[in-house]
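In: requesting a structural model of the entry that follows:
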Amino acid sequence: MQLRYKTQHVLVPKNNGGTLSDPSLKLMLKQFGFKVSEVEDMEEIDVVGGKITSLPFLGEHGDLNIRSKTAWFVELLGKKMFLGADSSNLDPNMYHHIHKVIGDIDMLAIGMECVGAPYTWMYGALHTQKISKAIKDSRRLNGCDAKLAFGMTQIFNPKEVYIYALGLEPWYNYMMGLEYDEDSTQIIESNKMLKSCEDIDLHCEKLYGSRVVEYA
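Out: Residues are numbered from 1 along each chain as shown. Prediction:
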């Protein structure tokens, strides 16, 4: 909302329509005055110097019937970037098919919140009955662990990898309740990812705060 004054156009994934757990991002943003386009999986949007493609999203949805999540493939001035946030490599076959379309990439940016919150953290208020602890624990908002994230590098052959969206910054404690230490699974798995990339001489960074990446 704070960027509305300079935001001309917002791209959002298409929702299922009519379900409480998957509300329309397009309708919500239009109410605030944004120009919004709803895009399908693998739909390409032309922009100056390249294109933006909406990629199928698997991962942080708690096994609910939620469609309005996406990853983004940005191709600008000959550079290719896969911005995966909380995507998870649950089906490598899907990513192999995507690779046939987009080819090798310059940057893979992937989240590694591999032990996400129970899905009731976000969607619990939509239930009319109490949810058992077993269901809460088994249906979590998980992203990639080291094995799954490294599998994506083997498919897309990026020139560099950035691990982001972990919520390492201290100000996230106030809104997300995240408290990591060196024994946290997310830290252990992301460190494994750094080591796996180092072993094959692939640049990999765990982001904190801000990071500017410049391409000549």
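In: which ones are touching the residue most central in space within the chain?
Out: Central residue of the chain (CA atoms, centre = their mean): residue 85, 2.1 Å from the mean position. By CB atoms under 8 Å, 6 or more residues apart in numbering, residue 85 lies in contact with 71, 109, 110, 111, 143, 164, 165. C-beta here means a position set from N, CA and C on the backbone, and glycine is covered the same way.
In: the nearest residue to the third one once chain neighbours are set aside: how many residues sit nearby?
Out: I take that to be residue 110. Spatial nearest neighbour of residue 110, excluding adjacent residues (CB to CB, 6 or more residues apart in numbering): residue 84 at 4.4 Å. For residue 84, the count of nearby residues is 26 (other CB atoms under 10 Å).
In: cool, and residue 40?
Out: Neighbours of residue 40 using other CB under 10 Å come to 11.
In: go on, the one 5 residues further on?
Out: Per other CB under 10 Å, the neighbour tally for residue 45 reads 14.
In: and for residue 157?
Out: Quick note: residue 157 (other CB under 10 Å) scores 13 neighbours.
In: pretty sure it is touching residue 104, no?
Out: Yes. Assessed by CB atoms under 8 Å, residue 157 is found in contact with residue 104 at 4.3 Å.
In: what sits up against the longest helix seen in the chain?
Out: When the chain is parsed with DSSP state H, its longest helix is helix 185-199. For helix 185-199, the surrounding residues in contact (CB under 8 Å, 6+ apart) are 112-115, 145-146, 149-150, 153, 161, 163, 166, 180-182, 203-204, 206.
In: thinking again about what came up before, residue 108 versus the residue nearest to residue 110, what's the distance?
Out: 7 Å (CB to CB, to the nearest Å).
In: what touches both of the two?
Out: Joint contacts of residue 84 and residue 108 (CB under 8 Å, 6+ apart) are residue 152.
In: which secondary structure element contains residue 152?
Out: helix 146-156 (DSSP states H and E).
In: what are the buried residues along that helix?
Out: Neighbour counts over helix 146-156 (16 or more other CB atoms under 10 Å) mark 146, 148, 149, 150, 152, 153, 155, 156 as buried.
In: how close does the third one sit to residue 158?
Out: As for residue 149, its distance to residue 158 is 11 Å (criterion: CB to CB).
In: and the longest helix of the chain, how far from the chain's centre?
Out: Centroid displacement of helix 185-199 relative to its chain, using CA atoms, centre = their mean, to the nearest Å, is 18 Å.
In: elements contacting the helix or strand following it?
Out: Remark: after helix 185-199, the chain's next helix or strand is strand 203-206, criterion DSSP H and E. In this structure, strand 203-206 makes packing contacts with strand 160-164, helix 185-199, judged by 3 or more CB pairs under 8 Å, 6 or more residues apart in numbering; DSSP states H and E.
In: and strand 203-206, what's its mean pLDDT?
Out: Mean per-residue pLDDT for strand 203-206: 96.
In: need the residues that contact that strand.
Out: 159-163, 166, 168, 190, 193-194, 197-198, 211.
In: try it again at 7 Å.
Out: Outside of strand 203-206, the residues within contact range by CB atoms under 7 Å, 6 or more residues apart in numbering are 160, 161, 162, 163, 190, 193, 194, 197, 198.
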